[in-house]
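Colleague: Just the structure for this:
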Amino acid sequence: MTNAGFATACFVGLGAVAVWFYLRFPRLRPGSIMFAIGHVAVSFAVFDLSPLGIGLCRHVLPAPLSMVAFLVAVLVPTLTYVFVSWIWLIARLHEFADTPPRGGHPVRDAA
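Modeller: Purely as a prediction, here's the structure:
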(Lines give C-alpha, C1' and ligand atoms only; values in the text may rest on other atoms or scores of the structure.)
Protein backbone atom coordinates (compact mmCIF):
# COMPACT_ATOMS: atom_id res chain seq x y z
CA MET A 1 0.00 0.00 0.00
CA THR A 2 1.29 3.45 -0.87
CA ASN A 3 1.48 6.37 1.54
CA ALA A 4 -1.34 8.15 -0.26
CA GLY A 5 -3.53 5.06 -0.10
CA PHE A 6 -2.84 4.64 3.60
CA ALA A 7 -3.62 8.28 4.34
CA THR A 8 -6.84 8.06 2.33
CA ALA A 9 -7.90 4.92 4.17
CA CYS A 10 -7.17 6.59 7.51
CA PHE A 11 -9.24 9.67 6.62
CA VAL A 12 -12.13 7.55 5.36
CA GLY A 13 -12.02 5.46 8.54
CA LEU A 14 -11.94 8.52 10.81
CA GLY A 15 -14.78 10.04 8.80
CA ALA A 16 -16.81 6.88 9.36
CA VAL A 17 -16.08 7.08 13.09
CA ALA A 18 -17.19 10.74 13.07
CA VAL A 19 -20.47 9.84 11.33
CA TRP A 20 -21.00 7.03 13.84
CA PHE A 21 -20.35 9.46 16.71
CA TYR A 22 -22.83 11.96 15.22
CA LEU A 23 -25.53 9.32 14.94
CA ARG A 24 -24.78 7.57 18.24
CA PHE A 25 -24.67 10.63 20.51
CA PRO A 26 -27.39 13.07 19.38
CA ARG A 27 -27.47 14.86 22.76
CA LEU A 28 -23.89 16.08 22.28
CA ARG A 29 -24.81 18.06 19.15
CA PRO A 30 -24.56 21.85 19.48
CA GLY A 31 -27.88 23.65 19.88
CA SER A 32 -27.16 26.56 17.53
CA ILE A 33 -25.09 27.53 14.55
CA MET A 34 -22.84 29.71 16.72
CA PHE A 35 -21.97 26.79 19.00
CA ALA A 36 -21.28 24.64 15.93
CA ILE A 37 -18.95 27.32 14.57
CA GLY A 38 -17.30 27.49 17.99
CA HIS A 39 -16.71 23.73 17.93
CA VAL A 40 -15.07 24.02 14.51
CA ALA A 41 -12.79 26.81 15.79
CA VAL A 42 -11.86 24.83 18.92
CA SER A 43 -11.20 21.68 16.89
CA PHE A 44 -8.85 23.60 14.59
CA ALA A 45 -7.04 25.07 17.61
CA VAL A 46 -6.65 21.64 19.22
CA PHE A 47 -5.45 20.18 15.91
CA ASP A 48 -2.97 23.05 15.58
CA LEU A 49 -1.57 22.20 19.02
CA SER A 50 -1.32 18.47 18.35
CA PRO A 51 2.34 18.57 17.19
CA LEU A 52 3.26 19.44 20.76
CA GLY A 53 2.15 15.91 21.63
CA ILE A 54 4.87 14.44 19.42
CA GLY A 55 7.61 15.99 21.52
CA LEU A 56 5.91 14.97 24.73
CA CYS A 57 5.50 11.36 23.58
CA ARG A 58 9.12 11.20 22.38
CA HIS A 59 10.46 12.36 25.75
CA VAL A 60 8.26 10.08 27.82
CA LEU A 61 8.23 6.86 25.80
CA PRO A 62 10.76 4.89 23.73
CA ALA A 63 10.94 5.64 19.98
CA PRO A 64 8.63 3.05 18.36
CA LEU A 65 6.06 3.23 21.13
CA SER A 66 6.02 7.03 21.15
CA MET A 67 4.66 7.31 17.60
CA VAL A 68 1.98 4.70 18.21
CA ALA A 69 0.98 6.42 21.44
CA PHE A 70 0.85 9.79 19.65
CA LEU A 71 -1.33 8.39 16.87
CA VAL A 72 -3.74 6.60 19.19
CA ALA A 73 -3.89 9.10 22.05
CA VAL A 74 -3.59 12.44 20.23
CA LEU A 75 -4.03 12.35 16.47
CA VAL A 76 -7.00 10.00 16.08
CA PRO A 77 -9.21 11.79 18.67
CA THR A 78 -8.19 15.20 17.37
CA LEU A 79 -8.96 14.43 13.73
CA THR A 80 -12.21 12.74 14.73
CA TYR A 81 -13.22 15.89 16.63
CA VAL A 82 -12.40 18.01 13.56
CA PHE A 83 -14.60 15.78 11.40
CA VAL A 84 -17.44 15.66 13.96
CA SER A 85 -17.39 19.43 14.38
CA TRP A 86 -17.75 19.88 10.62
CA ILE A 87 -20.60 17.37 10.53
CA TRP A 88 -22.31 19.29 13.35
CA LEU A 89 -21.87 22.57 11.46
CA ILE A 90 -23.12 21.16 8.16
CA ALA A 91 -26.14 19.60 9.91
CA ARG A 92 -26.98 22.92 11.62
CA LEU A 93 -26.65 24.81 8.32
CA HIS A 94 -28.89 22.25 6.63
CA GLU A 95 -31.53 22.60 9.35
CA PHE A 96 -31.29 26.39 9.11
CA ALA A 97 -31.71 26.38 5.33
CA ASP A 98 -34.48 23.78 5.37
CA THR A 99 -36.92 25.77 7.54
CA PRO A 100 -39.90 27.44 5.87
CA PRO A 101 -40.22 31.22 6.06
CA ARG A 102 -41.67 32.52 9.31
CA GLY A 103 -43.88 35.56 9.00
CA GLY A 104 -42.84 38.59 7.05
CA HIS A 105 -45.08 41.17 5.48
CA PRO A 106 -48.56 40.01 4.50
CA VAL A 107 -49.33 40.26 0.80
CA ARG A 108 -52.70 41.65 -0.23
CA ASP A 109 -54.73 40.13 -3.02
CA ALA A 110 -54.50 42.08 -6.24
CA ALA A 111 -58.25 41.60 -6.85
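Colleague: Now Phe96: closest residue in space that isn't a chain neighbour?
Modeller: Excluding the flanking residues, the one nearest Phe96 by C-beta to C-beta, 6 or more residues apart in numbering is Ile33, at 6.1 Å. C-betas here are computed from N, CA, C, even on glycine.
Colleague: count of neighbours near the one you found?
Modeller: 14 (other C-beta atoms under 10 Å).
Colleague: show me what contacts it?
Modeller: 89, 92-93, 96 (C-beta atoms under 8 Å, 6 or more residues apart in numbering).
Colleague: tell me the least confident of the residues you listed?
Modeller: pLDDT across these is at its lowest for Phe96, which sits at 82.
Colleague: quick one: that residue from Ile90, how far?
Modeller: Distance check for Phe96 against Ile90: by C-beta to C-beta, to the nearest Å, it reads 11 Å.
Colleague: same question, Ala73
Modeller: Going from Ala73 to Ile90 by C-beta to C-beta gives 27 Å.
Colleague: same check, this time on Arg29
Modeller: Counting by C-beta to C-beta - Arg29 and Ile90 are separated by 12 Å.
Colleague: higher neighbour count, those two?
Modeller: The neighbour count for Arg29 versus Ile90, taken as other C-beta under 10 Å, is higher for Arg29 (15 against 12).
Colleague: Now for the more buried one: which residues touch it?
Modeller: By C-beta under 8 Å, 6+ apart, the neighbours of Arg29 are 22, 88, 91.
Colleague: Also Arg24?
Modeller: For Arg24, counting by C-beta under 8 Å, 6+ apart, there are no contacting residues.
Colleague: Okay, Val19 and Thr80: tell me how far apart.
Modeller: From Val19 over to Thr80 (counting by C-beta to C-beta), the distance is 10 Å.
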